[in-house]
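Q: Any chance you could fold what I've pasted below:
(one chain, ligands or ions: 3)
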Amino acid sequence: MDAAGPAAPAASRAVVRRLTRRTRDAEPGGRLRTRNAERDARAHGMLLSMRHAYSVDTVRAAEAELMAGLPEGALMQRAAAGLAAAVAGLLPRVSGARIVLLVGSGDNGGDALYAGARLARRGAGVSAVLLDPDRAHRGGLAALRAAGGRVAEDPFGVLAVADVVLDGITGIGGHGGLRPDAVPLARAARGSGAMVVAVDLPSGVEADTGEVKGEAVRADATVTFGAYKPGLLVDPAHQHAGALRLVDIGLGSRLPSVPDLEALQHDDVARLLPVPAPESDKYRRGVVGVVAGSARYPGAAVLAVAGAVHGGAGAVRYVGPGADAVIARFPEALVHGWPPSRAGRVQAWVVGPGLGDAPGVAEVLESDVPVLVDADGLRSLDPDAVRARSAPTLLTPHAGEAAALLGVDRGQVEAARLGSVRSLATKYGATVLLKGSTTLVADADARRPVRVNPTGTSWLATAGSGDVLSGLAGSLLAAGLEPLDAGSVAAYLHGLAARLASLGAPVSAQDVAAAIPRAWRDTLTP
Ligand SMILES: NC(=O)C1=CN([C@@H]2O[C@H](COP(=O)(O)OP(=O)(O)OC[C@H]3O[C@@H](n4cnc5c(N)ncnc54)[C@H](OP(=O)(O)O)[C@@H]3O)[C@@H](O)[C@H]2O)[C@@H](O)CC1
Ligand SMILES: Nc1ncnc2c1ncn2[C@@H]1O[C@H](COP(=O)(O)OP(=O)(O)O)[C@@H](O)[C@H]1O
Ligand SMILES: [K+]
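A: Ligands and ions are numbered 1, 2, ... in the order given. Below you'll find the model as predicted:
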């Protein structure tokens with residue numbers, strides 16, 4: 001997280017660091033996880049197993065059902081109480097803190113006003129900036145005034161000296177980026193050095209998709225109510241949210257069991273990892289075949305095999321022109337001459353990394369075992385050939401490859417990652433892992449939740465790291481994981497391996513491959 005920026009006062013930066021550390025501890029990357037952090041995470045309602053996100057319609061329906069049995073305004077009070085407590089936890093002292101509320105015309109502004117009232121009662125100096133004074137939440141405004149808070153006469157003046165800004169411009173009711181009157185306020189909040197805490201969502205982002213269609217608030221932290229919304233977990237909106245806090249307002253039992261989006265956490269991955277049983281042998285653990293590399297890209301063969309060797313299969317077969325390089329680096333690999341069909345039995349194929357124009361994709365797709373298609377293998381991939389397969393297929397494009405498959409610009413895929421991965425899965429009748437700053441995995445069955453990978457680091461943006469991911473995911477397919485699990489577990493281990501290998505410094509694709517066993521061990525360690 002970019003914390004409070006270089007202009008932030010030292011106290012504010014320290015508080016943000018504290019919050020960031022705590023949140024990271026509760027997320028994967030558990031090397032940092034301690035018993036205390038775990039207890040802390042649970043106390044803050046953050047779970048160490050599956051994180052779920054629900055669409056706005058689903059959240060609204062659950063809220064309506066819950067509200068029907070509660071006194072009017074009860075849910076908003078729960079939200080405001082949780083928000084005020086989270087803000088208080090970020091401050092060294094509530095009394096005397098300068099807090100500014102950016103208040104839009106909906107209930108998101110109401111949450112901010114009631115939370116502001118609670119903080120004012122504890123001695124904070126609270127000023128509200130009303131975007132539309134005639135439509136600000138009446139009850140919230142009355143509560144703020146009664147608690148000693150006031151409406152700001154000089155919005156930019158109060159923002160300049162604020163310790164914390166609460167962004168209550170829009171929540172789940174906002175669409176289309178910030179409106180022009182809100183833009184200068186959002187910029188002033190960001191530029192002030194104050195800690196910016198978004199109420200429910202950073203205003204201006206699309207809650208359901210993670211798109212940002214214009215300007216949006218950049219928050220250091222987001223306190224969200226009842227359930228995560230997909231946009232909080234998917235880039236580019238995710239990058240606006242900062243550290244995430246979920247406040248329980250009692251929605252749990254009203255939410256459907258199947259979410260729209262889910263993020264595996266340490267415990268989920270640990271349950272899915274293929275650990276050999278006492279009676280296992282190399283064939284029962286699964287054999288993965290890798291068709292990769294070319295005279296132009298010999299390294300891709302080595303890196304894909306590196307991912308596969310560390311990915312839990314019992315054996316790795318390699319077919320392609322890089323056999324000498326593969327054997328030199330991995331004597332444990334079994335190398336075979338062309339074609340792949342004569343390489344002996346495998347339980348899954350990986351085809352494509354660095355393959356260039358070499359054939360092989362069509363033949364591998366004709367096999368009756370799971371196939372992962374990556375990189376060059378994705379070029380001109382025929383949807384009918386994939387749909388006709390008797391066994392599952394996992395496609396692993398980056399945004400550029402996904403754009404080519406969908407016939408759109410790369411930018412369109414990056415702006416709408418969730419829609420893009422779902423469209424590709426539907427088009428090919430396959431599981432699709434879309435790589436990038438947020439890696440998403442969509443199952444061929446559109447009713448299943450899309451998985452969002454919570455690990456990773458931008459240091460992974462290095463040549464060849466995708467080849468390692470392919471080998472790793474292929475190995476997990478060969479070990480018997482279904483494509484959605486193989487893809488999401490591979491992305492999780494790959495991202496965690498990169499974090500462990502990097503520790504904030506550059507990493508090479510080879511470093512990432514070598515750290516996979518550490519990531520695996522870390523995931524299994526309670
Ligand atoms: N439901 C519940 O039980 C609970 C809900 N809770 C809270 O309510 C929130 C949802 O409240 P909501 O439905 O009132 O919508 P909200 O997010 O405030 O935005 C709508 C307002 O914003 C305006 N606006 C729209 N776009 C805009 C833009 N781009 N830039 C600027 N303004 C824009 C739009 O204006 P209009 O289009 O009418 O002119 C309208 O007035 C939810 O996120 C959570 O915080 C919690 O208290 C828990 C219980
Ligand atoms: N900004 C980023 N943040 C996190 N991970 C990233 C980022 N950019 C790329 N990655 C990851 O790095 C890997 C790159 O894969 P790919 O684009 O196929 O590279 P290559 O073809 O060189 O192997 C993927 O796992 C991807 O998710
Ligand atoms: K908001």
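Q: contacts, neighbours, all on C-alpha from now
A: OK.
Q: Ends of stretch 185-197, what's the gap?
A: Stretch 185-197 has an end-to-end distance of 14 Å (criterion: Cα to Cα, to the nearest Å).
Q: Report the buried residues of that stretch.
A: Leu185, Ala186, Ala188, Ala189, Arg190, Gly191, Ser192, Gly193, Ala194, Met195, Val196, Val197 (16 or more other Cα atoms under 10 Å).
Q: and which of those is nearest to ligand 3?
A: Closest to ligand 3 out of the buried residues of stretch 185-197 is Val197 (8.4 Å), distances taken as Cα to the ion.
Q: The spatially most distant residue from the centre of the chain and Gly480: what is the separation?
A: Distance from the centre of the chain peaks at Ala146, with 40.8 Å (Cα atoms, centre = their mean). Here Ala146 is placed at a distance of 62 Å from Gly480 (Cα to Cα).
Q: Now the stretch 1-150 of the chain against ligand 3: closest residue?
A: Asn108 (6.2 Å).
Q: Secondary structure class of that residue, three-state.
A: helix (DSSP: H, G, I helix; E, B strand; the rest coil).
Q: Please report the number of neighbouring residues for it.
A: 29 (other Cα atoms under 10 Å).
Q: who touches it in this structure?
A: By Cα atoms under 8 Å, 6 or more residues apart in numbering, the contact set of Asn108 is Gly168, Ile169, Thr170, Gly171, Val199, Asp200.
Q: Find the nearest non-adjacent residue to Pro517, please.
A: Using Cα to Cα, 6 or more residues apart in numbering and skipping residues adjacent in sequence, the residue nearest Pro517 is His310, 6.5 Å away.
Q: Please report how far the one you found lies from Pro449.
A: 28 Å.
Q: Now do the strands in the stretch 151-300 of the chain.
A: For the stretch 151-300 of the chain, the strands defined by DSSP state E, counting those that start in this stretch cover 164-168, 195-199, 221-225, 243-247, 261-263, 287-291.
Q: The second one vs strand 164-168, what angle?
A: Going back to what we said before, that points to strand 195-199. Here strand 195-199 runs at an angle of 20 degrees relative to strand 164-168 (axes from the mean of the first three to the mean of the last three Cα atoms, to 10 degrees).
Q: Just the residues contacting strand 195-199, thanks.
A: 4, 8, 12, 16, 83, 87, 108, 111-112, 163-168, 171, 189-190, 217-224, 241.
Q: Keep only those of the buried residues of stretch 185-197 that are in helices.
A: Taking DSSP state H, the ones among the buried residues of stretch 185-197 that sit in helices are Leu185, Ala186, Ala188, Ala189, Arg190, Gly191.
Q: Export the residues you listed as TSV, with columns for distance to His266.
A: As requested, those are exported to TSV (distance: Cα to Cα, whole Å):
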residue	distance to His266
Leu185	39
Ala186	35
Ala188	38
Ala189	35
Arg190	33
Gly191	36
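Q: Let me know whether the longest helix along the chain sits next to ligand 2.
A: When the chain is scanned for its longest helix (criterion: DSSP H), the result is helix 483-502. No - applying Cα under 6 Å from any ligand atom, one finds helix 483-502 separated from ligand 2 by no less than 6.8 Å.
Q: and the stretch 301-450 of the chain, which of its residues are near ligand 1?
A: Counting by Cα under 6 Å from any ligand atom, the stretch 301-450 of the chain has no residue next to ligand 1.
Q: Name the nearest residue to whichever residue of the stretch 301-450 of the chain sits closest to ligand 1, sequence neighbours excluded.
A: Per Cα to the nearest ligand atom, Ala415 is where the stretch 301-450 of the chain lies closest to ligand 1, at 17.3 Å. In space, and not counting its chain neighbours, Ala415 is closest to Glu211: 5.8 Å by Cα to Cα, 6+ apart.
Q: same check, this time on Ala315
A: Per Cα to Cα, 6+ apart, closest to Ala315 is Val287, 4.8 Å.
Q: Does that neighbour touch Ser475 like I think?
A: Yes - Val287 is within contact range of Ser475, at 7.5 Å (criterion: Cα atoms under 8 Å).
Q: Those two - which one has more neighbours?
A: Taking neighbours as other Cα under 10 Å, Val287 and Ser475 compare with Ser475 leading, 36 against 27.
Q: Write out the residues of the stretch 101-250 of the chain neighbouring ligand 3.
A: Neighbours of ligand 3 within the stretch 101-250 of the chain, by Cα under 5 Å from the ion: Asp167, Gly168, Thr170, Gly171, Ala198, Val199, Leu201, Pro202, Ser203.
Q: with those residues in mind, which one is nearest to Ala442?
A: Nearest to Ala442 among those, counting by Cα to Cα, is Leu201 at 23.9 Å.
Q: What is the burial count for the closest one?
A: Neighbours of Leu201 (other Cα under 10 Å): 34.
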